[in-house]
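1. mind folding the following:
(2 chains)
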2 protein chains.
Amino acid sequence: MPADNFMIGIDIGGTTSAFGFVDRHGVLACEGTLATQAGQPAQDLVTRLCDAIDQRRTALPQQTVFSGIGIGAPNANYLRGTVENPPNLSWGASVNLVELFRQRYDLPVAITNDANAAAIGELQFGGARGMKHVIVITLGTGLGSGLIVNGRLLYGTDGFAGEIGHTTVTPEGRSCACGKQGCLETYVSATGLCRTVIELLAQRRDPSPLREACFSRLTSKQVYEAACEGDPIALAAFDATARILGMKLADAVAHTSPEAIFLSGGLAAAGDLLITPTRRYLDEYLFNPYKGKVKLLRSELPEDSGAILGAAALAWHEVGKVMIKA
Amino acid sequence: MPADNFMIGIDIGGTTSAFGFVDRHGVLACEGTLATQAGQPAQDLVTRLCDAIDQRRTALPQQTVFSGIGIGAPNANYLRGTVENPPNLSWGASVNLVELFRQRYDLPVAITNDANAAAIGELQFGGARGMKHVIVITLGTGLGSGLIVNGRLLYGTDGFAGEIGHTTVTPEGRSCACGKQGCLETYVSATGLCRTVIELLAQRRDPSPLREACFSRLTSKQVYEAACEGDPIALAAFDATARILGMKLADAVAHTSPEAIFLSGGLAAAGDLLITPTRRYLDEYLFNPYKGKVKLLRSELPEDSGAILGAAALAWHEVGKVMIKA
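-> Below is the predicted model of the structure:
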């Protein structure tokens, strides 16, 4: 295959969508962003994305060939090619995004959810290169997860494998947006961290600048900054978050026995504040045969273009398999 | 391959070991058992097993061909061919059982732990035939698990994937033999059920025949019989067990998204007393995209010969792959 083959990687978010042209080594040649306009139908976004892609394509050398399209989108189902009930988009119960793109391009198209795209990105272009069993955790507003098993992304029976964010920490725990109680992502995520801060402010009496913040405006960035200043409430919140994450990652290891777990997303940027104690708790909760054998690492993909690289990696990952063709 | 090919299935237990000759349809032609003699070295057991196999082999038609050997054993590591630190056998840190058998037979040999053998048995000869994503739970003294992913048993990085019995129910919970606290198998297993009964006897005031039992002699069979008679303590113990099992199975589903979960082993024989409430709790704790899609079933392998069938199934399962050859 000539070196000037590219995949089109597309990352669809609730506010902004982005695309880029990515070669097989993970080099991003060109990228663009546009407003998702969540209230409009999916067809509208697809048309605008394709127009923007066609326009940017002219910047590439003429002999450039696109080999396929990879899409990362919320609530995407790889097996069906659909986006189903996306919480932040008015697209209804199910939209076949693969078909919409195939109407425009005679290229193979693959779609998966954001966390799975992050996992494939880590496997193809990041720190998980060459690994066979990996778990990738994305820590943003929620907690997403993608499981690599035997060198391939795990989809399971219905295309929805790897939803560790909705395992139960404690059955009478915090209310989750999914309707359950005590889900991991209600504790371990940007919003989970803020909920923990508020709980600690109520429980403890330490003075803290966070006592001046109101809940609805508190951000994980503020908590991070307070922790960096040595604020005891913020530090305790990170420790509590790390403890629960370490415990549930130990559970995850007892399922698929990965070589490494990667943390990505905004909260992972807290770095040592989160990763160091999580590593300690993970080791504490690990079943003996796994102890000392599982690496906990920060994603090696750049935070700003990681989602596009992940989507493009999905397409490259699928090249050896049967992709849905136009 | 002619129809008179057989695998030798061997099940090694702490007290008794058993073997049988199993064809590719799961028909058991001939079987035998002998005392494991846990205090003796592994070589001793292997010699006695091989002698017994040679002796029983004469009962088969002369054209019979053995295609391989499958072994299910406690703490067995598939990738290394070893049994490591078995809790009930004085075999030391590591014994390469595959090599010991290869010294006697010029046949491919595969080994795995009991729960993995049960999973492969269910896949090849039981209710999981034709399924691609399955979890098999064995409920005995402890709780074992075997995960089938994409139609193959999952071993993970180090050969120890699938230890759901040592995921954490509650971090300050019951002491587990593994050294951790709050492991699933301290609640959901024959011994876990008895511990729950004792706790309930202390908490509640209902009259119950179980108040006459002392803890060290209480068996899950007694609890089962009391539950069948309508004893409220025994019924509450089954319900508490089912609740925790349902919750942790929902977690397991959020990892690998199986089509079905099979329960096998002694406690699964409690049937509706355990399976019906577990099904209800599982559905309650399942993340929405999985609800109504995961079957919870009782193993279809016979309880008395299931372990031999599982070990032989491992060997049949491996035939298409590279088995360790003499």
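2. does any bit of the longest helix along chain A sit next to chain B?
-> Taking DSSP state H as the criterion, chain A has its longest helix at helix A:232-256. Yes. Using CB under 8 Å from any CB of the partner chain, helix A:232-256 comes into contact with chain B via A:247, A:250, A:251, A:252, A:254, A:255, A:256. For the C-beta atoms, the positions are set from N, CA and C on the backbone; glycine is no exception.
3. report the buried residues of that helix.
-> Within helix A:232-256, the residues that count as buried by 16 or more other CB atoms under 10 Å in any protein chain shown are A:233-256.
4. next, the angle helix B:232-256 makes with it.
-> With axes from the mean of the first three to the mean of the last three CA atoms, to 10 degrees applied, the angle from helix A:232-256 to helix B:232-256 works out at 90 degrees.
5. so where's the stretch 1-150 of chain A shaky on pLDDT?
-> A:1-3 (pLDDT under 70).
6. so what's the residue in it positioned nearest to chain B up against?
-> Nearest residue of the stretch 1-150 of chain A to chain B: residue A:133, at 4.9 Å (CB to the nearest CB). Neighbouring residues of residue A:133 by CB atoms under 8 Å, 6 or more residues apart in numbering or on different chains: A:148, A:149, A:150, A:256, A:257, A:258, A:259, B:156, B:157, B:161.
7. tabulate those residues (CSV), appending secondary structure.
-> Shown next, in CSV, are the contacts of residue A:133 (DSSP: H, G, I helix; E, B strand; the rest coil):
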residue, secondary structure
A:148, strand
A:149, strand
A:150, coil
A:256, helix
A:257, coil
A:258, coil
A:259, coil
B:156, coil
B:157, coil
B:161, coil
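8. for the residue of the stretch 1-150 of chain A closest to chain B, which non-adjacent residue is closest in space?
-> Among residues not flanking residue A:133 along the chain, residue A:258 sits closest, at 4.4 Å (CB to CB, 6 or more residues apart in numbering or on different chains).
9. which SS state does residue A:296 fall under?
-> Three-state assignment for residue A:296 (three-state DSSP): strand.
10. just checking, it touches residue A:252?
-> No. Residue A:296 is beyond contact range of residue A:252, at 11.3 Å (criterion: CB atoms under 8 Å).
11. which other helices and strands does the longest helix of chain A contact?
-> With contacts taken as 3 or more CB pairs under 8 Å, 6 or more residues apart in numbering or on different chains; DSSP states H and E, helix A:232-256 sits against strand A:134-139, strand A:143-149, helix A:190-203, helix A:220-228, strand A:260-264, helix A:272-285, helix B:232-256.
12. list of residues touching stretch A:264-271?
-> With CB under 8 Å, 6+ apart as the contact definition, stretch A:264-271 has outside contacts at A:118, A:122, A:136-140, A:144, A:189-190, A:193, A:220, A:224, A:227, A:238, A:274-275, A:298-299, A:301, A:303, A:306.
13. buried among those residues? Make that a ChimeraX selection.
-> The ChimeraX selection below is limited to those of those classed as buried (16+ other CB under 10 Å):
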select /A:118,122,136,137,138,139,140,144,189,190,193,220,224,227,238,274,275,298,299,301,306
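14. enumerate every residue touching the residue nearest to residue A:133.
-> A:131, A:133, A:134, A:135, A:147, A:148, A:252, A:294, B:156, B:157.
15. ok, now with 6 Å
-> Counting by CB atoms under 6 Å, 6 or more residues apart in numbering or on different chains, residue A:258 touches A:133, A:134, A:135.
16. out of the residues you listed, the closest to residue B:89 would be?
-> Set against residue B:89, the nearest of the contacts of residue A:258 by CB to CB is residue A:133 (28.7 Å).
17. where's that closest one relative to residue A:293, distance?
-> From residue A:133 across to residue A:293, the span is 11 Å (CB to CB, to the nearest Å).
18. gap between the residue lying farthest from the centre of chain A and chain B?
-> Residue farthest from the centre of chain A, counting by CA atoms, centre = their mean, is residue A:205 at 35.9 Å. Relative to chain B, residue A:205 is positioned 24 Å away (CB to the nearest CB, to the nearest Å).
19. pLDDT score for that residue?
-> The model reports residue A:205 with a pLDDT of 96.
20. so it belongs to a strand, correct?
-> No. Per three-state DSSP, residue A:205 lies outside any strand segment and is coil.
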